[in-house]
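Student: No letters, just coordinates:
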């Protein structure tokens, strides 16, 4: 079930003609609606007189804004009236070529279409409003449009687009270029409801709490809006805190009844009916669901009615009332088809695609403009160089000397560059060979263990066979049977360790093969767990006295992510090698008790995976901390490192769209963090 928006704050637009009597009256009525929501019912009773006053007015920008504001007010009460006011606002604004008024009218029209369940037209109107406000550089109104689009996409089930526009609204709302008081519609409740939709309850709780805080600050007398209260209720329902959820929804009904906000009343009744259905209180669930269908003024809110029909069909199915179940299912199908048919879904997809194309076109035009500026710059520089060339040509002797000097310098630079390239190739090859040696040593020690088992059990089996022959000749069949049973068990163990060695070889061949450059689903935990053992065995191969502990901590929720496993494996191997080197060097320097330890952990948070490799070794000084990712920089003695390991690791992680960071304290620890997108 999805939470929808209500009128949190009514924005009063500026007018260019304050002298008009009828405008003063309407401005006062709207101001009452802003400050005292109960004035809404009085405004409804005087609707005919308001229309008469509007009919006698002259066509100016103030009237455009009044139509837009009235449309916004009625979007949650009388949708037909809201649509009529929005259309009048848009039509008059276009006649006056008044962009801000047209944007305001489109914004209100979007809410009216959304409340009536016409999501394709709602999204279209919202995009038009947003683009007009972008042309006007009105960031406050752009924020409102982003919130609006987030709500619309959430309610059609496109959580990716909803989250995109919700986060754009949040970033603008929290930026210093936006005056929050002029926005009047914060994005936090909408973001909270989007996270409910995608079952990220912790994130939903975070944003709904922020919504409560800001609304308590804005509306100290009335507290949170019905929209936010309903969002909190749905969030508590997700947590199965049903009584607390009911309290929130009843509080929302109280506010909605006070403001005559039929939209929130319909939603609250639907939510309460769903809760009672979940808790098995079917009679109460049926009562609240039927309340949604009981009043004509409720029927215009299609989504709330659709939710109520769904709950009723489910309740009667549990009661084995087939006639009622069929009745409400048929009504639900008709209502659902009117809201979410293929044509509307296709229209929404086209709108989203066209907007993406429009943004790409804007980016392309901006790039073309920048390229044009660069071309002008190049032409200017070329002209300058030409003038300099003419001056140098006139000074022939100076020009000749300069040309000779330039040729000499060019030859020197080319010679130096060639030497550097050769040295770089040699260093890279040296780094590869060093890594290959470490990997080979690790593989050898990993394979040695199962091979030892195979050899030992084979020798034992030879002895057992001899004993079996002897027992057979002695006629001791019981002993023969026992020896054969032991032989069979040993053969199973030999087969097991042989397969283990085979799997190690195959796995290492998989990682040693040339990278294809293609990302494949990879078990990140398995990859992170594989290389510390190889690195450790490589160190043990060089120094038999070296010992260290490996402490793993893996997040099992990570699963598989798309990476180039060979490349990320090389990064991990470099980090583990550095970690074991650091603890080994510290062990040599410390005479007292010290336990070399390397920690490895994985975590999945906010759409990304973090792999941490930490050691309690020597640490890195602040003086060189910012240099460790530079090519050819190394702290190891000559011949032990080329300074390319961390540099290549940095490039590999960046190529994956991620980042690598280091946190260290000299003499205490070093921790590298790899962050990869999911």
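Tutor: Thanks, I have the structure now. Everything numeric in this text was worked out from a predicted model, so none of it was measured.
Student: Return the residues in contact with the closest residue in space to residue 109 that isn't next to it in sequence.
Tutor: Among residues not flanking residue 109 along the chain, residue 86 sits closest, at 3.7 Å (CB to CB, 6 or more residues apart in numbering). Using the backbone N, CA and C atoms, a C-beta is placed for each residue, glycine as well. Residues in contact with residue 86 (CB atoms under 8 Å, 6 or more residues apart in numbering) are 67, 68, 71, 105, 106, 108, 109, 112.
Student: one more time with 10 Å
Tutor: Each residue near residue 86 by CB atoms under 10 Å, 6 or more residues apart in numbering is listed here: 67-68, 70-72, 74-75, 104-113, 125.
Student: Would you mind writing the PyMOL command to select the buried ones in these?
Tutor: Only the buried entries of the contacts of residue 86 go into this PyMOL selection, using 16 or more other CB atoms under 10 Å:
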select buried, resi 67+68+70+71+72+74+75+104+105+106+107+108+109+110+111+112+113+125
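Student: How far off centre is stretch 130-137?
Tutor: Its chain's C-alpha centre and that of stretch 130-137 lie 26 Å apart, by CA atoms, centre = their mean, to the nearest Å.
Student: same check, this time on stretch 153-162
Tutor: Distance, centroid of stretch 153-162 to centroid of chain: 14 Å (CA atoms, centre = their mean).
Student: Show me which positions of it end up buried.
Tutor: Quick answer for stretch 153-162 (16+ other CB under 10 Å): 153, 154, 155, 156, 158, 159, 161, 162.
Student: Likewise for stretch 133-149?
Tutor: Those would be 133, 138-149, for stretch 133-149 by 16+ other CB under 10 Å.
Student: Would you reformat these as JSON lines and include distance to residue 121?
Tutor: Shown next, in JSON lines, are these (distance: CB to CB, whole Å):
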{"residue": "133", "distance to residue 121": "19"}
{"residue": "138", "distance to residue 121": "23"}
{"residue": "139", "distance to residue 121": "26"}
{"residue": "140", "distance to residue 121": "25"}
{"residue": "141", "distance to residue 121": "20"}
{"residue": "142", "distance to residue 121": "21"}
{"residue": "143", "distance to residue 121": "22"}
{"residue": "144", "distance to residue 121": "18"}
{"residue": "145", "distance to residue 121": "15"}
{"residue": "146", "distance to residue 121": "19"}
{"residue": "147", "distance to residue 121": "18"}
{"residue": "148", "distance to residue 121": "13"}
{"residue": "149", "distance to residue 121": "13"}
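Student: mind putting those residues in a markdown table, secondary structure and pLDDT included?
Tutor: Formatted as a markdown table, the buried residues of stretch 133-149 follow (DSSP: H, G, I helix; E, B strand; the rest coil; pLDDT from 0 to 100):
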| residue | secondary structure | pLDDT |
| --- | --- | --- |
| 133 | helix | 93 |
| 138 | coil | 91 |
| 139 | helix | 90 |
| 140 | helix | 89 |
| 141 | helix | 91 |
| 142 | helix | 92 |
| 143 | helix | 92 |
| 144 | helix | 91 |
| 145 | helix | 93 |
| 146 | helix | 94 |
| 147 | helix | 92 |
| 148 | helix | 91 |
| 149 | helix | 93 |
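Student: Closest one to residue 484 out of those, please.
Tutor: The nearest member of those to residue 484, counting by CB to CB, is residue 149 at 76.4 Å.
Student: what's near enough to touch the residue sitting furthest away from the middle of the chain?
Tutor: For the chain, the residue at maximal distance from the C-alpha centroid (CA atoms, centre = their mean) is residue 474, at 76.5 Å. Neighbouring residues of residue 474 by CB under 10 Å, 6+ apart: residue 480.
Student: From residue 464, how far out is it?
Tutor: 15 Å (CB to CB, to the nearest Å).
Student: Is residue 453 in contact with residue 459, as I believe?
Tutor: No. If you go by CB atoms under 10 Å, residue 453 and residue 459 don't touch, sitting 11.1 Å apart.
Student: Neighbour count: these two, which is higher?
Tutor: Taking neighbours as other CB atoms under 10 Å, residue 453 and residue 459 compare with residue 453 leading, 17 against 10.
Student: For residue 635, which non-adjacent residue is closest in space?
Tutor: Spatial nearest neighbour of residue 635, chain neighbours left out: residue 624 (6.8 Å); criterion: CB to CB, 6+ apart.
Student: same thing with residue 256?
Tutor: Using CB to CB, 6+ apart and skipping residues adjacent in sequence, the residue nearest residue 256 is residue 264, 3.6 Å away.
Student: Can you point out the buried residues in the host helix or strand of that neighbour?
Tutor: Using DSSP states H and E, residue 264 sits within helix 262-278. Going by neighbour count (16+ other CB under 10 Å), the buried part of helix 262-278 is 262-277.
Student: State the mean pLDDT of it.
Tutor: What helix 262-278 shows for mean pLDDT is 86.
Student: Tell me the helix or strand right after that helix.
Tutor: For helix 262-278, the following helix or strand on the C-terminal side (DSSP H and E) is helix 282-294.
Student: Any idea how far that next one is from the middle of the chain?
Tutor: Centre to centre, stretch against its chain (CA atoms, centre = their mean), the figure for helix 282-294 is 38 Å.
Student: Run through the neighbouring helices and strands of it.
Tutor: Where contact means 3 or more CB pairs under 10 Å, 6 or more residues apart in numbering; DSSP states H and E, helix 282-294 is packed against helix 262-278, helix 296-299, helix 302-318, helix 322-340.
Student: Residue 670 contacts residue 624, correct?
Tutor: No. With contact defined as CB under 10 Å, residue 670 does not count as touching residue 624 (11.8 Å).
Student: higher neighbour count, these two?
Tutor: Between residue 670 and residue 624, residue 670 has the larger neighbour count (other CB under 10 Å), namely 24 against 11.
Student: Report the spatially nearest residue to that one, omitting neighbours in sequence.
Tutor: residue 664 (4.3 Å).
Student: which parts of the helix or strand encompassing that neighbour are buried?
Tutor: For residue 664, the element it lies in under DSSP H and E is strand 659-665. Buried residues in strand 659-665, defined by neighbour count with 16+ other CB under 10 Å: 660, 664.
Student: strands paired with the helix or strand following it, and their directions?
Tutor: Downstream of strand 659-665, the next assigned helix or strand under DSSP H and E is strand 669-677. Partners of strand 669-677 in the sheet, by DSSP bridges, are strand 608-615 (antiparallel), strand 659-665 (antiparallel).
Student: Save these as CSV, and put in mean pLDDT and distance to residue 545 too.
Tutor: Converted to CSV, the strands paired with strand 669-677 look like this (pLDDT from 0 to 100; distance: least, CB to CB, whole Å):
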stretch, mean pLDDT, distance to residue 545
strand 608-615, 93, 18
strand 659-665, 92, 26
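Student: Could you export those as TSV, including distance to residue 231?
Tutor: Output for these, formatted as TSV (distance: least, CB to CB, whole Å):
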stretch	distance to residue 231
strand 608-615	26
strand 659-665	34
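Student: Where do the strands of this structure begin and end?
Tutor: Secondary structure of the chain (DSSP state E): strands located at 520-523, 549-553, 560-563, 597-605, 608-615, 659-665, 669-677.
Student: Starting from the first one, tell me which strands it pairs with and how they run.
Tutor: Here strand 520-523 has these sheet partners by DSSP bridges: strand 560-563 (antiparallel).
Student: Could you check how far residue 210 is from residue 142?
Tutor: To residue 142, residue 210 is 20 Å away according to CB to CB.
Student: coming back round to it: between the strands paired with strand 669-677, which one is nearest to residue 376?
Tutor: Among these, the nearest to residue 376 by CB to CB is strand 659-665 (35.8 Å).
Student: Determine which of the helices and strands packed on helix 282-294 approaches residue 543 most closely.
Tutor: Evaluated over those, closeness to residue 543 peaks at helix 262-278, with 63.1 Å, by CB to CB.
Student: Just the angle for that closest one relative to helix 302-318, thanks.
Tutor: 20 degrees (axes from the mean of the first three to the mean of the last three CA atoms, to 10 degrees).
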